[in-house]
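# pasted the sequence and its predicted model underneath.
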Amino acid sequence: LGNTLLIWIIGFVPQMIVSLLLAIWFTDSRLKLHCVKFFQTVTYMPNLVMAAAFGYMFNMLFAQSGPVNQILAQFGWIKEPVQFTSSVWWVRCIIAFINFLMWFGNTSILLMSGIMGIDESVFESARLDGANSHTVFWKITFPLLTPIFVYFVITSMIGGIQLFDAAQVFTLSKGGPDKTSMTIMMYLYTLITSSKNYGLAGALSVILFLVTGILSLIVFKTMVPNDNPVRSERRAKAARLRYVARGQKEAQ
């Protein structure tokens, strides 16, 4: 569980930052970027590649005689090959990077749709009132994107709990070094295939089901508004009455 959460956090933080920056850049009409649709497609394309394919590719890239070590040696930055697959933090960071590479495009598209759903007149009014870009983001964009951020965090956490293919293939089913990159799903797979401990595997599956269900319930409660139409109409009517009464008082 510790390995899974740590690998998820290492990949989640840069994924959130990069996706948010790309979403803001691609939706900002003042930048007048060209070929926006092309770059949106390119950022989303890694999501179409299988995680196992990424794991196998990165295993070859960072092998002892792989292209990464060869390039570093040609530039004179290293004298001996770096043991990427034998280093605890290198293995964790590479698996987290694979997870980041696969999902940052999908997250960027999701955040772009949320930003494009905000009325442009809100941003124009804020700029006319003298608000800078920093203030517009923290006072307007970020609060209005809060439901999407919550959805993104919870679904990303669910995906992190279910991390299996990339870590399994990259570490050649060993979870090494010394099982420091073994995730929950890899442990479950080991219980079924190697240990034949079906009772413990079944118990772990039930626990994962309960955790995923609780996280999904949080997403549902966050995304669905609690106010019913009648209550919202009453609040709007009361606000209009207060506004009219205040106007009449000022006129007197």
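Thanks, I have it. Residues are numbered from 1 along each chain as shown.
# could you find the closest non-adjacent residue to G159?
Closest residue in space to G159, ignoring its immediate chain neighbours: W103 at 7.2 Å, by C-beta to C-beta, 6 or more residues apart in numbering. C-beta here means a position set from N, CA and C on the backbone, and glycine is covered the same way.
# secondary structure class for K37?
helix (DSSP: H, G, I helix; E, B strand; the rest coil).
# likewise G175?
Under three-state DSSP, G175 comes out as coil.
# neighbours around the residue lying closest to it once chain neighbours are set aside, how many?
Leaving aside its chain neighbours, G175 sits nearest to M182 (3.0 Å; criterion: C-beta to C-beta, 6+ apart). As a burial measure, M182 scores 20 neighbours (other C-beta atoms under 10 Å).
# also I161?
With other C-beta under 10 Å as criterion, I161 counts 19.
# so what's it up against?
Contact partners of I161, counting by C-beta atoms under 8 Å, 6 or more residues apart in numbering, are 4, 8, 184-185, 208, 211-212.
# sorry, back to before: and the residue nearest to G159, how close does it get to I158?
12 Å (C-beta to C-beta, to the nearest Å).
# the more surrounded of those two?
Higher neighbour count among W103 and I158: W103, with 21 against 15, using other C-beta under 10 Å.
# wait, the more buried one touches L48, no?
No. With contact defined as C-beta atoms under 8 Å, W103 does not count as touching L48 (11.7 Å).
# how is P81 assigned, secondary-structure-wise?
Under three-state DSSP, P81 comes out as coil.
# got a pLDDT number for the nearest residue to it once chain neighbours are set aside?
Leaving aside its chain neighbours, P81 sits nearest to N69 (4.3 Å; criterion: C-beta to C-beta, 6+ apart). Per-residue confidence for N69 comes out at a pLDDT of 91.
# let's have the chain start at 730 instead
Got it, first residue is 730 now, which makes that one N798.
# contacting residues for N798?
Shown in contact with N798 (C-beta under 8 Å, 6+ apart): 791-792, 807, 810-811, 813.
# before we move on, what about L920?
With C-beta under 8 Å, 6+ apart, L920 has these contacts: 926-927, 929-930, 933.
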